[in-house]
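Trainee: Sequence and predicted structure are below.
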Amino acid sequence: MTEINYQLLKEVIHSRPLESHKGNYGRVLTIGGNLNFGGAIIMSSSAAVHAGAGLVTCATYRENLSALHTIVPEAMFVDLANDQQITAALEQADVIVIGPGLGESSAAEKIFKKTLTQLQSRQFLIIDGSALTILSHHQNWFKRFAKQKIILTPHQMEWQRVSQIPIKKQTDTRNLAVQQELQATVVLKKFGTTIYHLNRTIAHLNVGGPYMATGGMGDTLTGIIAAFLGQFHQTTYETVVDAAVYTHSALAQKLSATNYVVLPSQIIKNLPNFMLSASLV
Ligand SMILES: NC(=O)C1=CN([C@@H]2O[C@H](COP(=O)(O)OP(=O)(O)OC[C@H]3O[C@@H](n4cnc5c(N)ncnc54)[C@H](O)[C@@H]3O)[C@@H](O)[C@H]2O)[C@@H](O)CC1
Ligand SMILES: Nc1ncnc2c1ncn2[C@@H]1O[C@H](COP(=O)(O)OP(=O)(O)O)[C@@H](O)[C@H]1O
Ligand SMILES: [Mg+2]
């Protein structure tokens, strides 16, 4: 077991070369946000923009379009109901996030299956929220496709659904057995988040706390992981995932010194400043 620490950020977050452009910092596609949970995919998209993704496209329903463009005008939109647009967006992405606020309708199941089917080996896929619940009902879909660069970000209840391990019995040994079967990275979110990588020691997070217990906090994490994977290529992707998870909670911990609760939108707003500090040390 290794403890993730601030030192790791120095390995991952570097000053940007002068001769570079948005095309060098990752094309992120976020998929989710139904009528009830539009905020979830907006937070994911906004976190990706603020964590440095070069281009962010949000695939959501039309009902969320004006909110998306009001809150994060840097993000582009594709209509989740338009199959052709989704096919093209999936084709172009470097990193895909699926699940925040997606819901579990048959349309949501269809887009999840399509995403798995179209996934290319060069792409990263982050599966979160509703998509984890869909995955728990359709493990057979998952097992049929390339999985080496898939990252699951369940909280304990979502992991219970996916792994069938009750929360109280979620020990490292049991978790690892299921994670190895799935052949994916698992970021198990809780107080003391634990990250299970393929062929690597377990990484443990010792920052973060209950000031983070607000809806949307995990949705925000997906955007940070996506942006980091899209732009930082000097270390292994496992190290980049660890750094993203650390950034999310370390920044929340920093803000908690002067705030009783730390909201997802506060984390999002403070990401550029936090990342600059890490890149300068
Ligand atoms: N503003 C929004 O639009 C929001 C949308 N959300 C979306 O709502 C959908 C359902 O996700 P939920 O997670 O709310 O619902 P779930 O039904 O998957 O799980 C939530 C419940 O799990 C239990 N739980 C046990 N251990 C936990 C842990 N360590 N961390 C968190 N919960 C734990 C809690 O009792 C909690 O009420 C997802 O698609 C999600 O992305 C949520 O993120 C909330 C905010
Ligand atoms: N008590 C806590 N200690 C540490 N981290 C916490 C705590 N409560 C919540 N978090 C963090 O907040 C996030 C919550 O994720 P999740 O439940 O998926 O949120 P949502 O789905 O509402 O966006 C995770 O990163 C989790 O680690
Ligand atoms: Mg969540």
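Mentor: That came through fine. Ligands and ions are numbered 1, 2, ... in the order given.
Trainee: and residue 127, how many neighbours?
Mentor: 27 (other C-beta atoms under 10 Å). All C-beta atoms are positioned from the backbone trio N, CA, C, and that covers glycine.
Trainee: what sits against the closest residue to it other than its chain neighbours?
Mentor: Nearest residue to residue 127, sequence neighbours excluded (C-beta to C-beta, 6 or more residues apart in numbering): residue 152, at 5.1 Å. Neighbour list for residue 152: 127, 128, 132, 135, 162, 182, 184, 185, 186, 187 [criterion: C-beta atoms under 8 Å, 6 or more residues apart in numbering].
Trainee: check whether the helix or strand the fifth one falls within contacts ligand 1.
Mentor: Read that as residue 162. Per DSSP states H and E: residue 162 is located in helix 156-163. Yes. Helix 156-163 comes into contact with ligand 1 (C-beta under 6 Å from any ligand atom), by way of 156, 157, 158.
Trainee: List, one by one, the residues from the stretch 51-200 of the chain near ligand 3.
Mentor: Contact residues, the stretch 51-200 of the chain versus ligand 3 (C-beta under 5 Å from the ion): residue 129.
Trainee: Might you list the low-confidence residue ranges for the stretch 51-200 of the chain?
Mentor: Applying pLDDT under 70 to the stretch 51-200 of the chain flags residues 146-147.
Trainee: if we can go back for a sec, which ones among the contacts of residue 152 lie within helices?
Mentor: The members of those that map onto helices under DSSP state H are 132, 135, 162, 182.
Trainee: can you list these in CSV and add distance to residue 88?
Mentor: Converted to CSV, these look like this (distance: C-beta to C-beta, whole Å):
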residue, distance to residue 88
132, 26
135, 24
162, 30
182, 29
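Trainee: quick one: residue 273 from ligand 3, how far?
Mentor: Using C-beta to the ion, to the nearest Å, residue 273 is found at 25 Å from ligand 3.
Trainee: what helix or strand is that residue on?
Mentor: In this structure, residue 273 is located in helix 264-280 according to DSSP H and E.
Trainee: any idea of the mean pLDDT in that helix?
Mentor: On average, the pLDDT along helix 264-280 is 97.
Trainee: Count residues in the vicinity of residue 235, would you?
Mentor: 14.
Trainee: ok, it touching residue 10?
Mentor: No. Using C-beta atoms under 8 Å, residue 235 is not in contact with residue 10; the gap is 10.7 Å.
Trainee: I'd like the next helix or strand past the helix or strand hosting residue 39.
Mentor: Element membership for residue 39, per DSSP H and E: helix 38-50. Using DSSP H and E, the next helix or strand after helix 38-50 towards the C-terminus is strand 55-60.
Trainee: Residue 232 versus residue 16, what's the distance?
Mentor: 11 Å (C-beta to C-beta, to the nearest Å).
Trainee: Which of the residues of helix 156-163 next to ligand 1 has the largest number of neighbours?
Mentor: residue 158 (24 neighbours).
Trainee: Name the nearest residue to that one, sequence neighbours excluded.
Mentor: With C-beta to C-beta, 6+ apart as the criterion, residue 158 has its nearest non-adjacent residue at 4.4 Å, and that residue is residue 132.
Trainee: Any figure for the gap between the residue of the chain found nearest ligand 2 and residue 172?
Mentor: For the chain, the residue closest to ligand 2 is residue 218, as judged by C-beta to the nearest ligand atom, at 2.2 Å. From residue 218 across to residue 172, the span is 21 Å (C-beta to C-beta).
Trainee: Equivalent analysis for residue 115, please.
Mentor: Distance from residue 115 to residue 172, by C-beta to C-beta: 29 Å.
Trainee: The two - which one has more neighbours?
Mentor: residue 115 (23 against 14).
Trainee: Helix, strand, or coil at that one?
Mentor: Recorded secondary structure, residue 115: helix (DSSP: H, G, I helix; E, B strand; the rest coil).
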